[in-house]
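Participant: give me coordinates for this.
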Amino acid sequence: MARTLIRPGGRSERIQIAVHKAVRELMDEQQDEELTVALIAARAEVPPSTI
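Facilitator: As a prediction, the model looks like this:
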């Protein structure tokens, strides 16, 4: 049986928080049609491939 490693925090959680925050901020600032992965990535300071 495989064990599942559950690790709170870490890089993955920080990235998820940053991306969600970026999306909320951008949605408040502009029209939904103008949101792009590139804009979200830039705001969250992650590469677009992360999203």
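
Participant: contacting residues around the residue nearest the centre of the chain?
Facilitator: By Cα atoms, centre = their mean, the mean C-alpha position of the chain lies nearest to V19, the distance being 2.0 Å. By Cβ atoms under 8 Å, 6 or more residues apart in numbering, V19 lies in contact with I40, A44, V46, T50, I51. Using the backbone N, CA and C atoms, a C-beta is placed for each residue, glycine as well.

Participant: cool, T50 as well?
Facilitator: Shown in contact with T50 (Cβ under 8 Å, 6+ apart): I15, V19, A41.

Participant: could you rerun that using 10 Å?
Facilitator: S12, I15, Q16, A18, V19, V37, I40, A41, A44 (Cβ atoms under 10 Å, 6 or more residues apart in numbering).

Participant: of those, select the buried ones using a ChimeraX command.
Facilitator: Restricted to buried positions by 16 or more other Cβ atoms under 10 Å, the ChimeraX selection for the contacts of T50 reads:
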select :18,19,40,41,44
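
Participant: what's the most distant pair in the contacts of T50?
Facilitator: S12 and V37 (18.2 Å; Cβ to Cβ).

Participant: name the next helix or strand downstream of the longest helix anywhere in the chain, please.
Facilitator: Scanning the chain for the longest helix, with DSSP state H as the assignment, gives helix 10-29. Toward the C-terminus, helix 10-29 is succeeded by helix 37-44 as the next helix or strand (DSSP states H and E).

Participant: who touches that following helix?
Facilitator: Outside helix 37-44, the residues that touch it by Cβ under 10 Å, 6+ apart are 14-23, 25-27, 29-30, 36, 46-51.

Participant: now with 6 Å?
Facilitator: With contacts defined as Cβ atoms under 6 Å, 6 or more residues apart in numbering, helix 37-44 is touched by A18, V19, A22, V23, P48, I51.

Participant: fine by me, thanks again.
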